[in-house]
Every structure is written in C-alpha cells, then in structure tokens.
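S.K.: need a structure here:
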Amino acid sequence: MAPIFKPLALASALLAVISSAAPVDLNKRENDVVWTTVTTVVWTTVDVTTTIYPTPQAPTPTPPVVESTPTPTPTPEQPKPIEASAQPETPEAQPAPVAVSTPVVSVAAAPAPEEQTHQAAAPAAPSTSTTSQAPQSTAPAASSGNSGSTSNAPSSGYSGSCSKDSPCVGQLTYYDTATSASAPSSCGLTNDGFAENVVALPVGMMTDADCGKTVTITYKGITKIGTVVDKCMGCKPTDVDLSRHFFGELADMDAGRVQGASWYIN
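M.R.: Purely as a prediction, here's the structure:
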C-alpha cells in the first residue's frame, strides 16, 4: 500500500500549489450588451416638367388695313393731263418719217443693178469653162456650178507638180477649218468650212505663194474648184485636205476619205 499513497500525496501537493497560484478576481462584473439602432433616411427628387403654350394673340396685328389707305394718295398726279396737249403735236411729227421712208425705196432699187453686174460676169465663165473642161466629156455639167471661181483659173498660169498639164491623182479627206482669229490657218485666214470651198495643200509642196490660189478637183465625173488657205501636215504629196462643204460636193461625207481624185493648181 505504501507505493500507492506516495503518488497520491504528490498529486494533492501539486493541486494545492496550482490552486494557490491562480488569481481570483472577486470584483469582476459580467459583460453588458448594448443595442444600437441606426435609421437611414433616403430622399428621392422627382423632376416634373410642365409645358406652357402661349395664347394665340397673333390676330391683333390686323392694322395692315391702314396700308391700303395710302395707296390712293398718288392720285394727285392726275393733273398731268397737260401732256394731252402735246399728243396732237406727235401726228405733226409723223409726216417727217414718211419722207425718210422714201429714200429706203431708192436704196432697195440699188441692189438691182448690182445683180445685173454680177450676172454680166457670168456669161464670161462659160467661155473659160469650155476651154478648161474640153478634155473631159462629163465636166461641163459640173463646171456650171462654179462659174464664179473658174474666172480665176486662167490668170494664175501655175506650172510644175500638180499643174493643169500634169495633174496629181490621190486621196481626198476633209478637216475642220480655222475659225478663230487667235488661231488662224497657215495663210493667216479664218474660214467657214461648212459654207466655203477651201483646200489645204500637202505640207511638202505648200508655200506662202500658194495662199489664195485655186485648185480644180475632179472625182467620179464631178468637178469643183476651191481656194488654198492652209497646209495639210499629214497629207502625202498627191493628197489634199478639203473643207467639209467642199468634200460634200464631191463625195459622201460618210465615206470620210476617197481615193482616185484628180486635181491640179490653177
């Protein structure tokens, strides 16, 4: 039994030491519980829009009626009928223009003799056309349309390449003639290619001395005469470039170019 009592004695001694070492707070109070209430206030702002329409008060500006009243005021200008006395004077002035109209009649008569002088030159053309067209049987019918231009043919006396004794045979084309004085032809001229028979000679043979000369062209029995006013930069030595009017008298415009035309410089 002695061995058992010894551990018990030690255990009791240890408990006594522990119990004496632990402090004891006799004045300790219990923990108090505090409840706190929090209130949150939320403010909401609501926008309200109200549309206010103006009252229709436009009918009030009716006073424009007053503007109609001043219009009759110009009536005082009516006293001007004094001009009526001047009107009788105008018929007296009318006889003067009647006298002026009489010279107009005399002027109208003046062109008549001018036409006679022009017709007087026409008879001289057949004589020259018969001599120039003698080698060709079909030429006389066509030469009658150019009696005015054939009168220049015998006066030039041109000799050399593409002359009457040695005509050239080549191609005919047409071009737009120079119509602006700021860009004239190589001869310094402007022409209406839709109404005039004018010619551009090949650049290889064209000289300033050729300006104004006439050229006789025959194609398929039709003979026409035109005046040299320009040079053709792309023509061969035997080709000529014509105005639209000149080309249209010899061939169809739709053809554009034709071959086998005979021509010479007068």
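
S.K.: and the longest strand along the chain, C-alpha only, in PDB?
M.R.: When the chain is parsed with DSSP state E, its longest strand is strand 222-232. What follows is strand 222-232, C-alpha atoms only, in PDB (Å, rounded to 0.1, in the frame of the first residue of the first chain):
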ATOM      1  CA  ILE A 222     -17.800  65.800-160.600                       C
ATOM      2  CA  THR A 223     -15.500  68.800-160.900                       C
ATOM      3  CA  LYS A 224     -15.300  71.600-158.300                       C
ATOM      4  CA  ILE A 225     -12.900  74.500-157.600                       C
ATOM      5  CA  GLY A 226     -11.700  75.600-154.200                       C
ATOM      6  CA  THR A 227      -9.200  78.200-152.700                       C
ATOM      7  CA  VAL A 228      -5.900  77.300-151.000                       C
ATOM      8  CA  VAL A 229      -6.000  78.600-147.400                       C
ATOM      9  CA  ASP A 230      -3.900  76.100-145.400                       C
ATOM     10  CA  LYS A 231      -1.400  73.200-145.400                       C
ATOM     11  CA  CYS A 232      -2.100  69.600-144.600                       C
END
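
S.K.: pLDDT of it, averaged?
M.R.: Strand 222-232 carries an average pLDDT of 93.

S.K.: Equivalent analysis for stretch 255-266, please.
M.R.: The pLDDT scores in stretch 255-266 average 92.

S.K.: and it, which residues are buried?
M.R.: 261, 262, 263, 264, 265, 266 (16 or more other CB atoms under 10 Å). For every residue, glycine as well, the C-beta is placed using N, CA and C.

S.K.: what does stretch 189-200 give?
M.R.: In stretch 189-200, counting by 16+ other CB under 10 Å, buried: 189, 191, 193, 197, 198, 199, 200.

S.K.: Pick the one among those closest to residue 206.
M.R.: Nearest to residue 206 among the buried residues of stretch 189-200: residue 200, at 7.8 Å, using CB to CB.

S.K.: now the closest one, what's its secondary structure?
M.R.: Following DSSP: H, G, I helix; E, B strand; the rest coil, we place residue 200 in the strand state.

S.K.: do the same with residue 10
M.R.: Applying three-state DSSP: residue 10 is helix.

S.K.: and it, what is it in contact with?
M.R.: Contact analysis of residue 10 by CB atoms under 8 Å, 6 or more residues apart in numbering lists nothing.

S.K.: phi, psi of residue 250?
M.R.: phi -100, psi -30 (degrees, to the nearest 10).

S.K.: Could you verify my assumption that it touches residue 216?
M.R.: No - Residue 250 is beyond contact range of residue 216, at 11.4 Å (criterion: CB atoms under 8 Å).
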